[in-house]
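Peer 1: What shape does this take:
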Amino acid sequence: MGKYTSWLYRNRISRNDYALTWNAALEMGGVLVGDKIKLVYVL
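Peer 2: Numbering: from 1, shown residues only. Alright, predicted model coming up:
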């Protein structure tokens, strides 16, 4: 059997840092998309 290696990378970014400012208001209050985005990569 071979040996395996895996990597896990996590990061959070702000949509405003990349000029992604669109959003949609929800009928019950609040917004559809938050400011922070969580990125997870598994290699």
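
Peer 1: chain center to the lowest-mean-pLDDT helix or strand in the chain, what's the gap?
Peer 2: The helix or strand of the chain with the lowest confidence, counting by mean pLDDT, DSSP states H and E, is strand 36-42 at a mean of 91. The chain centre lies 5 Å from the centre of strand 36-42; the measure is Cα atoms, centre = their mean, to the nearest Å.

Peer 1: How about stretch 20-31?
Peer 2: The answer for stretch 20-31 is 17 Å, by Cα atoms, centre = their mean.

Peer 1: ok, now how distant is Arg10 from Glu27?
Peer 2: 33 Å (Cβ to Cβ, to the nearest Å). C-beta: built from backbone N, CA, C; applies to glycine.

Peer 1: With neighbour numbers in mind, choose between the two.
Peer 2: Just comparing Arg10 and Glu27: by other Cβ atoms under 10 Å the higher neighbour count belongs to Arg10, 9 against 5.

Peer 1: what's the burial count for the closest residue to Lys36 other than its chain neighbours?
Peer 2: In space, and not counting its chain neighbours, Lys36 is closest to Arg12: 5.5 Å by Cβ to Cβ, 6 or more residues apart in numbering. Arg12 has 9 neighbours, counted by other Cβ under 10 Å.

Peer 1: who does Arg12 bridge with?
Peer 2: Beta-bridge pairing of Arg12 under DSSP bridges involves Lys38.

Peer 1: wait, it sits on Gly34?
Peer 2: No - using Cβ atoms under 8 Å, Arg12 is not in contact with Gly34, being 10.7 Å away.

Peer 1: can you list the weak-confidence ranges in this structure?
Peer 2: 1 (pLDDT under 70).

Peer 1: same thing but 80
Peer 2: 1-2, 23, 30-34 (pLDDT under 80).

Peer 1: Show me the strands in it, by range?
Peer 2: 8-14, 36-42 (DSSP state E).

Peer 1: How about residues contacting the first one?
Peer 2: Translated: strand 8-14. 35-43 (Cβ atoms under 8 Å, 6 or more residues apart in numbering).
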